[in-house]
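[1] Quick check, what structure comes out for this input:
(one chain, ligands or ions: 1)
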Amino acid sequence: MRVLTDLAPDVQAAVAATRQVVADLHAELPRNGLVVWTAGNVSQRVAGTDLFVIKPSGVSYDELTADVMVVCELDGSKIEDGTPARLQPSSDTAAHAYVYRHRPDVGGVVHTHSPYATAWAALGEPVPCVLTMMADEFGGPIPVGPFAIIGDDSIGRGIVETLSESRSPAVLMRQHGPFTIGKDARAAVKAAVMCEEVARTVHLARQLGTPAPLPQHHIDHLYARYQNVYGQPGGDAHLKGRS
Ligand SMILES: O=C(CO)[C@@H](O)[C@@H](O)COP(=O)(O)O
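    Numbering: from 1, shown residues only. Below you'll find the model as predicted:
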């Protein structure tokens, strides 16, 4: 088992920074109404290493500080990271690890049980692309992945295989809930927030009638604009610290 304090100083610094990012982003899950109790998790790859950071399983969000974030190998095993040996990583660690092993472009993974997205997952129905916000963020429908039992590679495999055929950063795992990916954990949290928002709005629309899917050429145009033009240069949503 690797020992964090034996790693190079720059790696230890990268781990420390990633722990802080992951700890801070967990607060966004209850703040955005995406979880109840402890039912959700965030992870981020430690850039330039074969490690990632994820929350400890079943710990209350108000106790998720940087020093209790668990550091894992890409096989999902915990390294000697300074946390108590008995502190277990998230029960979805295997799923996050599988994504990182098979999607080198992915730097962050999020899982929630947000109510509207999970309701669509319960039905096993993709969220149709009927809104410009869906074209912007998801580039089409939000797909449904297979039902998979927690704890081994099956959820991760379902995520990777489903998203291999979609531009969406979100997948609704059948009868379980949404998983999202991103270039980093913040992008994956954003995708989780937007996934819940459009799941709710499309549900509301379907109470009023049958919304029509957007034409593909509009979806493609909207997606390209949002992904490449929208917002500030560099894509950061925060103005503080900008020159
Ligand atoms: O979906 C499940 C359990 O079914 C888990 O993702 C959820 O309870 C969160 O578990 P963790 O606290 O991350 O171990």
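[2] how about the closest residue to Ile155 other than its chain neighbours, secondary structure?
    Of all residues not flanking Ile155 in the chain, Ala95 sits nearest, at 3.9 Å (Cβ to Cβ, 6 or more residues apart in numbering). Every residue, glycine included, has its C-beta placed from N, CA and C. The three-state label given to Ala95 by DSSP: H, G, I helix; E, B strand; the rest coil is helix.
[3] Next: Glu196.
    helix.
[4] wouldn't Val21 be in contact with Arg186 here?
    Yes. Contact criterion Cβ atoms under 8 Å: Val21 and Arg186 qualify, at 7.4 Å.
[5] which of these two has more neighbours?
    Using other Cβ atoms under 10 Å as the criterion, Val21 and Arg186 rank with Arg186 on top: 21 against 17.
[6] Next one: that one from the ligand, what distance?
    From Arg186 over to the ligand the distance is 18 Å, taken as Cβ to the nearest ligand atom, to the nearest Å.
[7] who does the helix or strand hosting that residue touch, helix- and strand-wise?
    Per DSSP states H and E, Arg186 falls inside helix 185-208. Secondary-structure packing of helix 185-208 (3 or more Cβ pairs under 8 Å, 6 or more residues apart in numbering; DSSP states H and E): helix 9-26, helix 28-31, strand 41-45, strand 108-111, helix 115-123, helix 132-138, strand 170-173, strand 177-182.
[8] where does this structure have low pLDDT?
    Counting by pLDDT under 70, the chain contains low-confidence ranges at 235-236, 241-243.
[9] Nearest the geometric middle of it, what residue?
    The residue lying closest to the centre of the chain (Cα atoms, centre = their mean) is Val110, at 2.4 Å.
[10] ok, that one - contacts?
    Contacts for Val110 (Cβ atoms under 8 Å, 6 or more residues apart in numbering) come out as 29, 40-43, 179-182, 185, 188-189, 191-192.
[11] Redo the residues you listed as TSV? Include neighbour count and distance to Ile79.
    Formatted as TSV, the contacts of Val110 follow (neighbours: other Cβ atoms under 10 Å; distance: Cβ to Cβ, whole Å):
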residue	neighbour count	distance to Ile79
Leu29	27	25
Gly40	25	23
Asn41	26	18
Val42	31	19
Ser43	30	14
Phe179	32	24
Thr180	28	25
Ile181	26	23
Gly182	21	24
Ala185	28	19
Ala188	27	22
Val189	24	24
Ala191	23	28
Ala192	31	27
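[12] List just the nearest of those residues to the ligand.
    Asn41 (3.7 Å; Cβ to the nearest ligand atom).
[13] gap between the closest residue to the closest one other than its chain neighbours and Ser57?
    Beyond its immediate neighbours in the sequence, the residue positioned closest to Asn41 (Cβ to Cβ, 6+ apart) is Ser90, lying 4.3 Å away. According to Cβ to Cβ, to the nearest Å, Ser90 stands 5 Å off from Ser57.
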